[in-house]
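# got a sequence here, can you build the structure:
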Amino acid sequence: MKILLIEPAKASRTIGGEDIFLYEPLALEYLAAGVSRDHDVRILDLRLEKDLPSVLESFRPDVAGATSYTVHVNTVRKLLTQIKDWSPQVLTVVGGHHATVAPEDFVAPGIDLIVRGEGVFPFQEIVTRLERGKGFDGVPGVAFAKDSILVQTEPMPVSDLDVFPFPERRFTARYRSHYFSEWMKPLASLRTSKGCPYRCRFCALWKLAGGRYLKRQPEKVVEELAGLDEEFVFFADDESLVDAPRMKTLATLIREAGIHKRYFLYGRSDTIARNPDLLELWRGVGLERVFVGLEFFRDEDLEEMRKGSTSRDNEQAVKVLQSLGIDIYASFIVRPEFTRDDFAACARYCRALDLDFATFAMLTPLPGADFYAEVQEQMIAHDYDYFDFVHTLLPTALPLKDFYEAYYQLYQRAIPLTKRLAMLGRMPLRDVPAMLSSSYRVFNRLRRAYQDYE
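Predicted structure coming up:
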């Protein structure tokens, strides 16, 4: 059978996304690994290759599957409907984060099946049953509409990530040189764990693993690492450093294997503050950059959102990373309640930390998160195209035009111009014009985002 797996592009109304970074479609590569031995598989990354009709005509799939975050819901519904219109015989399947937390949003004429949770083995079973002419009742983690009612089975319980095959990266070979995050290009992605032991109100990732922190064996991670061609590697974990003894073992095994890569991973500020020796060990094997969710500059905000860390943790983590020469990808959250004074205080906080790089995500109520259930009735926008961490979905304290001007100015003032220019200097010269152009477009749209509500 011919199986087309699709990574969707962002909607035109969505701000950011692949204009800022582009990671490989790891989830689709896992799915491909589960079915490619017996079937003809193609991965289509619509962020890079735009002509779906031509691919349908040339490949002529029997099955089309797409993955979706919340911001992609509208796009995925449209593209699977487009495939159904092209050929009603194609079995259309959707999976991913949003399908897991809100499968009802994919009940649509163009979608045959919804997969919740880890999709490798359910998707294998779906393809096998289709080939044998059988139905899909009882497949773990599958949902579908029956007489206008959503029928769904429980997702397959997962306690061991090493039961999954290695991702089949050969299906993204023609795209791999384009995956990046700032100067880290080409950038491979690799999963070493899933889940998080913390319970932040604004996050649903810990729920997807049933509140557990699942870990791959370090030996298996090293084996997969050894097969990567890319120099830069992003650990696509919900939180990479939380199990410090395991990460010490992994770093030691990488060093002993003689693997030389340059790494980018997620780490909580309190974990970093408590384990400077772990970061020093990782610096020695190639860790160059850490994504740190500092989130808020005030302890009361951190406490309200159940972050489990403090502003002191944030400050200590920054000192640890700076002392080791590890780049900090600092991420903050902007609350819709921010006044001009709050925006100014946030900018001063960033300057005081002497950060080289920072992003500011809008506090977004995501389906599946506790925060979403608490504020759903207060939301001023429900269109999933706007769940991009730039559009506010909640009422703002400032008039919208003033709010977005202050938001724009936060980006301009939080990091000195000299530091922003220094980051550009780390990129190959040929990539600088494209980065400047995309950055200009994104920030111009951010500044005018208030117009999207008119």
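# would you mind writing the CA trace of stretch 253-269 as PDB?
Output of stretch 253-269 as PDB, limited to C-alpha atoms (Å, rounded to 0.1, in the frame of the first residue of the first chain):
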ATOM      1  CA  LEU A 253      28.500   7.200  27.100                       C
ATOM      2  CA  ILE A 254      28.500   9.800  24.400                       C
ATOM      3  CA  ARG A 255      32.100  10.700  25.400                       C
ATOM      4  CA  GLU A 256      33.200   7.100  25.500                       C
ATOM      5  CA  ALA A 257      31.600   6.500  22.000                       C
ATOM      6  CA  GLY A 258      33.600   9.300  20.600                       C
ATOM      7  CA  ILE A 259      30.500  11.100  19.200                       C
ATOM      8  CA  HIS A 260      31.100  14.700  18.400                       C
ATOM      9  CA  LYS A 261      27.900  16.700  18.100                       C
ATOM     10  CA  ARG A 262      26.600  20.200  19.200                       C
ATOM     11  CA  TYR A 263      23.500  19.900  21.300                       C
ATOM     12  CA  PHE A 264      20.400  21.900  22.100                       C
ATOM     13  CA  LEU A 265      18.000  20.800  24.800                       C
ATOM     14  CA  TYR A 266      15.300  21.800  27.300                       C
ATOM     15  CA  GLY A 267      16.100  22.300  31.000                       C
ATOM     16  CA  ARG A 268      14.200  23.700  33.900                       C
ATOM     17  CA  SER A 269      15.900  26.500  35.800                       C
END
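# shaky segments in the stretch 1-150 of the chain?
Applying pLDDT under 70 to the stretch 1-150 of the chain picks out no residues at all.
# can you show me the helices along it?
Along the stretch 1-150 of the chain, counting by DSSP state H, counting those that start in this stretch, helices occupy 26-35, 52-59, 73-86, 97-101, 120-132.
# what does the stretch 201-350 of the chain give?
Under DSSP H, counting those that start in this stretch, the stretch 201-350 of the chain gives helices at 205-208, 218-226, 244-257, 269-274, 276-285, 299-304, 311-324, 340-353.
# including mean pLDDT, could these go into a markdown table?
Below are the helices of the stretch 201-350 of the chain laid out as a markdown table (pLDDT from 0 to 100):
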| stretch | mean pLDDT |
| --- | --- |
| helix 205-208 | 85 |
| helix 218-226 | 98 |
| helix 244-257 | 98 |
| helix 269-274 | 97 |
| helix 276-285 | 98 |
| helix 299-304 | 96 |
| helix 311-324 | 98 |
| helix 340-353 | 98 |
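# out of those, deepest packed?
helix 269-274 (a mean of 22; mean count of other C-beta atoms under 10 Å). (C-beta placed from N, C-alpha, C; glycine too.)
# who are the packing partners of that one?
With contacts defined as 3 or more C-beta pairs under 8 Å, 6 or more residues apart in numbering; DSSP states H and E, the packing partners of helix 269-274 are strand 287-295, helix 311-324.
# which strands or helices does the longest one pack on?
If I follow you right, that is helix 311-324. By 3+ C-beta pairs under 8 Å, 6+ apart, helix 311-324 packs against helix 269-274, helix 276-285, strand 287-295, strand 327-334, helix 340-353.
# next one: that helix to chain centre, how far?
Computed by C-alpha atoms, centre = their mean, to the nearest Å, the chain-centroid distance of helix 311-324 equals 24 Å.
# okay, the angle between it and helix 340-353?
In terms of direction (axes from the mean of the first three to the mean of the last three C-alpha atoms, to 10 degrees), helix 311-324 departs from helix 340-353 by 40 degrees.
# please enumerate residues in contact with helix 311-324?
By C-beta atoms under 8 Å, 6 or more residues apart in numbering, the residues outside helix 311-324 that reach it are 267, 269-270, 272-273, 276, 279-280, 283, 290, 292, 294, 296-299, 302, 327-328, 330, 353-355.
# restrict it to CA atoms and write it as CSV.
Extracted as CSV, the C-alpha positions of helix 311-324 are listed here (Å, rounded to 0.1, in the frame of the first residue of the first chain):
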residue,chain,number,x,y,z
SER,A,311,13.0,33.8,40.3
ARG,A,312,16.1,32.9,42.4
ASP,A,313,16.3,29.6,40.5
ASN,A,314,16.0,31.5,37.3
GLU,A,315,18.8,33.8,38.2
GLN,A,316,21.1,31.0,39.5
ALA,A,317,20.4,28.9,36.3
VAL,A,318,21.4,31.8,34.1
LYS,A,319,24.7,32.3,36.1
VAL,A,320,25.5,28.6,35.8
LEU,A,321,25.0,28.5,32.1
GLN,A,322,26.8,31.8,31.5
SER,A,323,29.8,30.6,33.6
LEU,A,324,30.1,27.6,31.3
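# many thanks, have a good one.
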